[in-house]
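Colleague: Here is my input; please provide its structure:
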Amino acid sequence: GRNPGLTDREQRILQMLSATHLSQREIGRELGVSFNTIKSHVKATYIKLGATSREEASQIARNLGLI
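Modeller: Here you go, the predicted structure:
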């Protein structure tokens, strides 16, 4: 698939957002980073994908073959 410029960390978070029902706070705990860091990565990911929600980001990522 075509990667719209996502970093490795953004891709990992996107995979976790899409494959689990973990909250952003829980994803931060899993990855050992702060909630604010996760929020920043999620915001950047949404912008790069042109998404406004977790569900929309997941669908776009599936369409692009990213997940």
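
Colleague: From the contact counts, what lies against whichever helix or strand His41 is part of?
Modeller: Per DSSP states H and E, His41 falls inside helix 35-49. Applying 3 or more CB pairs under 8 Å, 6 or more residues apart in numbering; DSSP states H and E, we find helix 35-49 packed against helix 8-19, helix 24-31, helix 54-64. (C-beta placed from N, C-alpha, C; glycine too.)

Colleague: low-scoring stretches of this protein, by residue?
Modeller: Judged against pLDDT under 70, the low-scoring parts of the chain cover residues 1.

Colleague: can you rerun that using 80?
Modeller: Residues of the chain that meet the criterion pLDDT under 80 lie in 1-3.

Colleague: With Arg2 as the reference, measure out to the residue nearest the centre of it.
Modeller: Compute the mean C-alpha point of the chain, and by CA atoms, centre = their mean the closest residue is Leu14, 2.4 Å away. As for Leu14, its distance to Arg2 is 14 Å (criterion: CB to CB, to the nearest Å).

Colleague: Next, the buried residues of the helix holding His41.
Modeller: Using 16 or more other CB atoms under 10 Å as the burial criterion, the residues of helix 35-49 that qualify are 38, 41-42, 44-46, 48-49.

Colleague: As a markdown table, those residues with distance to Glu26 would be great.
Modeller: Listed next are the buried residues of helix 35-49 as a markdown table, based on distance: CB to CB, whole Å:
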| residue | distance to Glu26 |
| --- | --- |
| Ile38 | 9 |
| His41 | 14 |
| Val42 | 13 |
| Ala44 | 19 |
| Thr45 | 17 |
| Tyr46 | 18 |
| Lys48 | 23 |
| Leu49 | 21 |
